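Chemist: just a sequence and a predicted model for now, questions to come.
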Amino acid sequence: MPERNVGVLPPEVSDEQGALIEPAAVVVHAMDRGRVTAGSSLLITGGPIGALAVLAASAAGATRTVVPEPNPVRRERIRALGVAR
C-alpha cells in the first residue's frame, strides 16, 4: 500500500473506531450521491455496511428505511437502532 494512503490515528481514536472511518465515508458519500434528504424513503441491503447506511440515512433525514437483513443478529441490532424496518 502506498504510504500516501496511510494515516496515523490520534491516540484518542481507538483501532475499532479507526476501522470504521473508510466504510462510514463510503456510506455518507452514497447518501450524498443518492440525494437522501428529509422525507426520503430507502431500501438498503443488509450487511455490516448496510447497518452503517441505516444510521447515515437517519442522519440525512430519511423517514422510511427498509432493510431486508437475512442475518438475525444484525437484523435485531438494526431494529434496536429504531430507525429502520
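Modeler: Received the coordinates, thanks. The structure presented is a predicted model; accordingly, all values stated were derived computationally and were not measured.

Chemist: CA only for contacts and neighbour counts going forward, please
Modeler: OK.

Chemist: could you report the neighbour count for Pro48?
Modeler: 12 (other C-alpha atoms under 10 Å).

Chemist: where does it land on pLDDT?
Modeler: Here the pLDDT value assigned to Pro48 is 84.

Chemist: what's the answer for Gly18, then?
Modeler: Confidence score, pLDDT, at Gly18: 94.

Chemist: does it fall in a helix, a strand, or a coil region?
Modeler: The three-state label for Gly18, taken from DSSP: H, G, I helix; E, B strand; the rest coil, comes out as helix.

Chemist: torsion angles phi and psi at Glu12?
Modeler: Backbone torsions of Glu12, given as degrees, to the nearest 10, read phi -80, psi -10.

Chemist: low pLDDT regions in the chain?
Modeler: In the predicted model of the chain, residues 84-85 satisfy pLDDT under 70.

Chemist: would you map the helices across this protein?
Modeler: Using DSSP state H, the helices of the chain run over residues 15-19, 21-33, 48-60, 72-80.
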